[in-house]
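Novice: Here's my sequence, what's the structure:
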Amino acid sequence: MATPRDKKSISHEIILQHPVFNLMQWLANSPSGDEVARELVLNYFQLLGATQSRLVVTDDEGSAFFVGDFGFEKSFTGSSQTLEYWQNRTDEIVKIQIEPTGLGWSKSGRYLQARVNDFGDTRGWITIGFAKETDRPEAEQLMQVLKHVVGIFMSTLQVSKAAQVSASRSTVTKDSFTPRQMAILGGMVSGKTNHELASELGFSVSTIRHETMRVYQALSVSDRREAAREALERGIF
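Specialist: Next up, the predicted model:
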């Protein structure tokens, strides 16, 4: 007959083997967002046919910041997309409707999404992509188990991102830009397009686009409207 001590030992073993506990131990090594996305696929969802994973957090204005990506043809890790841009996308993933359970499937049944806005100030989602339509109940159960600990991890990245943006806001001035970039930023404030700026400044459209991306990076924004607003708010123009 098993003693109370034996029963406690067995329970402890079960806890140590639980996927949440294993993931928590692994996250203690401070992996990157991409590494977490990879871990979710290769060590948790792969047996169900998963090939892709993406982690996204959102801010108060609804802009999306990509914190982790694995298996997608194009990675967005480290980039941001405004709410307006996101709403205009027609991707299957974007159109997923999250149910009251906090989960949602794409129309094809290949993408499972979990909302992670139940953890303090953290809002966003986890997306798992499968090679083909999969066993929904099993995938949903696993996602419900893992999304909590991944959501906590994502909250730490969100705080880090906010700190980076705050630091950027305090250091970016006119001197942060080259004369060419200042001319392009001035054109953004005036509402000019890349083609108009290329013609006016005597550069190729490709050059204007390249410099535009550098301006976005310096201002921690993702579109022309945000860049113009930031330039005005900081007194650059």
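
Novice: Next, the contact list for the closest residue to Trp105 other than its chain neighbours, please.
Specialist: Leaving aside its sequence neighbours, Trp105 sits nearest to Leu112 (Cβ to Cβ, 6 or more residues apart in numbering; 5.8 Å). Heads up, the C-betas are built off the backbone N, CA and C, glycines and all. Residues counted as contacts of Leu112 (Cβ atoms under 8 Å, 6 or more residues apart in numbering) are Leu103, Gly104, Trp105, Ser106, Thr127, Ile128, Phe130, Thr134, Arg136, Ala139, Glu140, Met143.

Novice: among those, who's most crowded?
Specialist: Neighbour counts for the contacts of Leu112 peak at Ile128, which has 28 neighbours (criterion: other Cβ atoms under 10 Å).

Novice: Which of the contacts of Leu112 fall within strands?
Specialist: Leu103, Gly104, Trp105, Thr127, Ile128, Phe130 (DSSP state E).

Novice: nearest to His210, of those?
Specialist: If you rank these by distance to His210 using Cβ to Cβ, Thr127 comes first, at 30.0 Å.

Novice: doesn't Val116 make contact with the closest one?
Specialist: No: contact criterion Cβ atoms under 8 Å: Thr127 and Val116 do not qualify, at 11.0 Å.

Novice: packing partners for the lengthiest strand in the chain?
Specialist: What stands out as the longest strand in the chain, according to DSSP E, is strand 50-58. Other elements packing on strand 50-58 under the criterion 3 or more Cβ pairs under 8 Å, 6 or more residues apart in numbering; DSSP states H and E are helix 33-40, strand 64-70, strand 124-130, helix 136-171.

Novice: I'd like these laid out as TSV, including mean pLDDT.
Specialist: Shown next, in TSV, are these (pLDDT from 0 to 100):
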stretch	mean pLDDT
helix 33-40	91
strand 64-70	88
strand 124-130	93
helix 136-171	73
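
Novice: list the contacts for the most centrally placed residue in the chain?
Specialist: In the chain, the residue lying closest to the centroid (Cα atoms, centre = their mean) is Phe66, at 2.0 Å. For Phe66, the contact set (Cβ under 8 Å, 6+ apart) comprises Gly33, Arg54, Leu55, Val56, Ser75, Phe76, Thr77, Gly78, Ser79, Ser80, Gln81.

Novice: Could you report the separation of the fourth one from Phe177?
Specialist: Between Val56 and Phe177 the distance, using Cβ to Cβ, to the nearest Å, works out to 29 Å.

Novice: more neighbours, these two?
Specialist: More crowded of Val56 and Phe177, by other Cβ under 10 Å: Val56, with 25 against 20.

Novice: Name the SS class of Ala114, please.
Specialist: Going by DSSP: H, G, I helix; E, B strand; the rest coil, the secondary structure assigned to Ala114 is strand.

Novice: Show me what it is bridged to.
Specialist: Leu103, Ile126 (DSSP bridges).

Novice: That one contacts Lys147, doesn't it?
Specialist: Yes: using Cβ under 8 Å, Ala114 is in contact with Lys147, at 4.3 Å.

Novice: per-domain residue ranges of the chain.
Specialist: Taking automatic domain parsing as the domain assignment, the ranges for the chain are 4-168, 172-233.

Novice: What number of residues are in the vicinity of Val116?
Specialist: So Val116, with other Cβ under 10 Å, has 22 neighbours.

Novice: nearest residue to it other than its sequence neighbours?
Specialist: Gly151 is the one closest to Val116 (Cβ to Cβ, 6+ apart), at 3.6 Å.
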